[in-house]
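Peer 1: could you work out the structure for the sequence below:
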Amino acid sequence: MKRYVQPLNPIVTGMEQDGLTSFQEEIRDIPDLVRLTFGEPGFNVADSIKARIIESVRDDNSHYADSQGIRDLRNATIHYFNDQYNLSYEGEDNIVVTAGVSEAINVVFQTLLNDGEGVIIPEPAYPPYFAALALARGKKISINTRSNAFKLTPEMVDEAVDSANVPIKAILFNYPSNPSGVTYSRVELEALAAAFERNQLWVISDEIYSQLTYDQEHTSLAELIPDQTILITGLSKSHAMTGYRIGFVIGQKDLIAQAAKIHATLTFSLPKVLQDGALVAVTSAAHVADEMRDVYKRRRDMLVPRLEAMGFQVTNPEGAFYIFAQIPADFGNDGTGFAKRLANEGHVAVVPGAAFSKFTADFVRISYAASDEDLLEALDRMEAFVAKNRE
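Peer 2: Numbers count the residues shown, from 1 in each chain. Predicted structure coming up:
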């Protein structure tokens, strides 16, 4: 085996592959598998968006675009989110266009953090948050929200700050939540905003699923506490554009000017042809999320009662397209083992809850972004698997 001339970065070599990705690699060769794993919307991108991208390719828009994002897209995106959520950003200098929310998270962490500073992350949470924080040399301050049906409270925030042994710089707050689907009322968010203010925290507000909120209007923290909120969002979930990698970091101008430096180093710019398509998404195709949301809500209502009948304990999701379920009590408390058996014996793939937090090792996450046909087949197979293993 070749030896390196000098050791590699120990932060990188010490990182484990996140549980979401590693589990899918482990089961990838199982035949005839219905996959309810990735958050991949089961819809095609709107024809008008695709047509604009094709037109842009034919117009030979093959050169570097403005690093921060093309001006028309930045201004239109600010207008779109101002209009959607009663925000008050001025325009193009309040936004950076990133390669999805994944880059956005890395940009924000590297903009904010000094070595060893803490970021509060309510758990369970999206696994790549943890790796991005480690790469930025930050420290994770976990809050276990399980006891409160996966909802963060002001008291939890105060306690986390008071008991931390490192300086706390920010909180990373995702709602509607991946993996639980939990979201918050305006009253709940106002109480949390007061806690964030009194503890002087930057709020990294990941609202990528905001347009997929079911039973109430989404309130953005960027409306309630705009001076300390950094809004992270994009088009992957609202417009089924996961492969196009269009994300946004939105905030006050002075912060965005600094974040743009990090983005220019990591990515420089996104292809102009994709940004031209994104411009259509936030203007004439802005409505497509409404149609998807109605389908996801119907699918949720189809899945929850059948899962409960099998013995799963389900927190009813209020947004996004995931069900985070505690496995049936008679199957023990090993969600990873359950998910492996379900994949190998039942031919249905779900994600172990341990991928999202050590506090939820007896849970699994079930994505209902798949087609109706796949979801119905998966439910039939799960019922057969559960019944067989109870005999």
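
Peer 1: and residue 19, how many neighbours does it have?
Peer 2: 18 (other Cβ atoms under 10 Å). Just so you know, the C-beta spots here come from the backbone N, C-alpha and C atoms, and that holds for glycine as well.

Peer 1: for the one 5 residues further on, same thing?
Peer 2: As a burial measure, residue 24 scores 16 neighbours (other Cβ under 10 Å).

Peer 1: nearest spatial neighbour of it, skipping sequence neighbours?
Peer 2: residue 37 (5.6 Å; Cβ to Cβ, 6 or more residues apart in numbering).

Peer 1: distance-wise, check the one you found relative to residue 355.
Peer 2: Distance, residue 37 to residue 355, using Cβ to Cβ, to the nearest Å: 10 Å.

Peer 1: quick check: residue 34 touching residue 350?
Peer 2: No - Residue 34 lies out of contact with residue 350 (Cβ atoms under 8 Å); the separation is 9.7 Å.

Peer 1: what about the two, which has more around it?
Peer 2: Under the neighbour definition other Cβ under 10 Å, residue 34 and residue 350 were set side by side, and residue 350 has more, 27 against 23.

Peer 1: isn't that one right up against residue 368?
Peer 2: No - contact criterion Cβ under 8 Å: residue 350 and residue 368 do not qualify, at 10.9 Å.

Peer 1: which neighbours do those two share?
Peer 2: Common neighbours of residue 350 and residue 368 (criterion: Cβ atoms under 8 Å, 6 or more residues apart in numbering): residue 36.

Peer 1: alpha carbons of the longest helix along the chain, as PDB, please.
Peer 2: Using DSSP state H, we find that the single longest helix of the chain is helix 288-310. Extracted as PDB, the C-alpha positions of helix 288-310 are listed here (Å, rounded to 0.1, in the frame of the first residue of the first chain):
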ATOM      1  CA  VAL A 288     -45.700  24.000  -9.300                       C
ATOM      2  CA  ALA A 289     -44.900  23.400  -5.600                       C
ATOM      3  CA  ASP A 290     -48.600  23.700  -4.800                       C
ATOM      4  CA  GLU A 291     -49.500  20.800  -7.000                       C
ATOM      5  CA  MET A 292     -46.800  18.600  -5.500                       C
ATOM      6  CA  ARG A 293     -47.800  19.500  -2.000                       C
ATOM      7  CA  ASP A 294     -51.300  18.300  -2.500                       C
ATOM      8  CA  VAL A 295     -50.000  15.000  -3.800                       C
ATOM      9  CA  TYR A 296     -47.600  14.500  -0.900                       C
ATOM     10  CA  LYS A 297     -50.400  15.300   1.600                       C
ATOM     11  CA  ARG A 298     -52.600  12.700   0.000                       C
ATOM     12  CA  ARG A 299     -49.800  10.100   0.100                       C
ATOM     13  CA  ARG A 300     -49.100  10.900   3.800                       C
ATOM     14  CA  ASP A 301     -52.700  10.300   4.600                       C
ATOM     15  CA  MET A 302     -52.500   7.000   2.700                       C
ATOM     16  CA  LEU A 303     -49.400   5.700   4.500                       C
ATOM     17  CA  VAL A 304     -49.900   6.800   8.100                       C
ATOM     18  CA  PRO A 305     -52.900   4.600   9.000                       C
ATOM     19  CA  ARG A 306     -51.400   1.500   7.300                       C
ATOM     20  CA  LEU A 307     -48.100   1.900   9.100                       C
ATOM     21  CA  GLU A 308     -49.900   2.400  12.400                       C
ATOM     22  CA  ALA A 309     -51.900  -0.800  11.800                       C
ATOM     23  CA  MET A 310     -48.600  -2.600  11.500                       C
END
